[in-house]
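compute the structure for the input listed below.
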Amino acid sequence: MIQPDPKFNNALVAKLINYVMRDGKKFLAQRIVYEAFDLVEKKTKSNPVLIFEKAVENLMPKMETKPTRVGGATYQVPYEVNEKRGRFLAMKWMLTEARKKKGKPMSEKLAEEIILASKNEGGAIKKKIDTEKMAEANKAFAHLATK
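The predicted structure is shown next:
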């Protein structure tokens, strides 16, 4: 079980800090996330943790595909995403989109991505929609799913 972060006392924020962290530099990751949350608060004039939770909620996919080999052919088999995996994918996509942007500090890019995701906009939302479309398009192979 993950310990909640020191500033907001929220386990989801602590997870985000861990995903932002590179090379074990947790203090730097914390600073980036807290600065991003301060920027979110300035821009939206509301609680940044609630905005972040809404963004993660909006980004969580319902379905995704997994490649499965059947008789020499590989099929993209759609699977329902459980909540833990959904949260992971949501934060991963958010960070990937933030890291793609150039020319700004990471905290600004992350804040921007959180705000966009909370409004159902941005690159991370596009990734979620593409993932769900892929699952929908491959519905015919759902019978190949093994639990």
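
and S46, what element?
Secondary-structure element containing S46, defined by DSSP states H and E: none, the residue being outside all helices and strands.

now do the same for it: its pLDDT.
On the pLDDT scale, S46 is placed at 92.

okay, it and F52: tell me how far apart.
S46 sits 11 Å away from F52, going by C-beta to C-beta, to the nearest Å. In short, each C-beta sits where N, CA and C put it, glycine included.

so which of these two has more stuff around it?
F52 (27 against 11; other C-beta atoms under 10 Å).

which residue sits closest to that one, ignoring its sequence neighbours?
For F52, ignoring the flanking residues on the chain, the nearest one in space by C-beta to C-beta, 6 or more residues apart in numbering is I114 at 5.5 Å.

just checking, the one you found is part of a strand?
No. Assigned with DSSP: H, G, I helix; E, B strand; the rest coil, I114 falls outside any strand and is helix.

what about it, distance to K127?
15 Å.

where in this protein is pLDDT low?
147 (pLDDT under 70).

the residue lying closest to L116 once chain neighbours are set aside: neighbouring residues, count only.
The shortest distance from L116 to any residue that is not its chain neighbour, by C-beta to C-beta, 6+ apart, is 3.1 Å, and that residue is G122. For G122, the count of nearby residues is 22 (other C-beta under 10 Å).

from P4, how far out is G122?
Plainly put, G122 is 27 Å away from P4 if you go by C-beta to C-beta.

K127 contacts W93, correct?
Yes. At 4.7 Å, K127 counts as touching W93 under the criterion of C-beta atoms under 8 Å.

more crowded one of these two?
Between K127 and W93, counted using other C-beta under 10 Å, the more crowded position is W93 (23 against 19).

show me what contacts that one?
By C-beta atoms under 8 Å, 6 or more residues apart in numbering, the contact set of W93 is L59, G123, A124, K127, K128.

not counting sequence-adjacent ones, nearest residue to the third one?
This means A124. The spatially closest residue to A124, leaving aside those adjacent along the chain, is W93, at 4.1 Å (C-beta to C-beta, 6+ apart).
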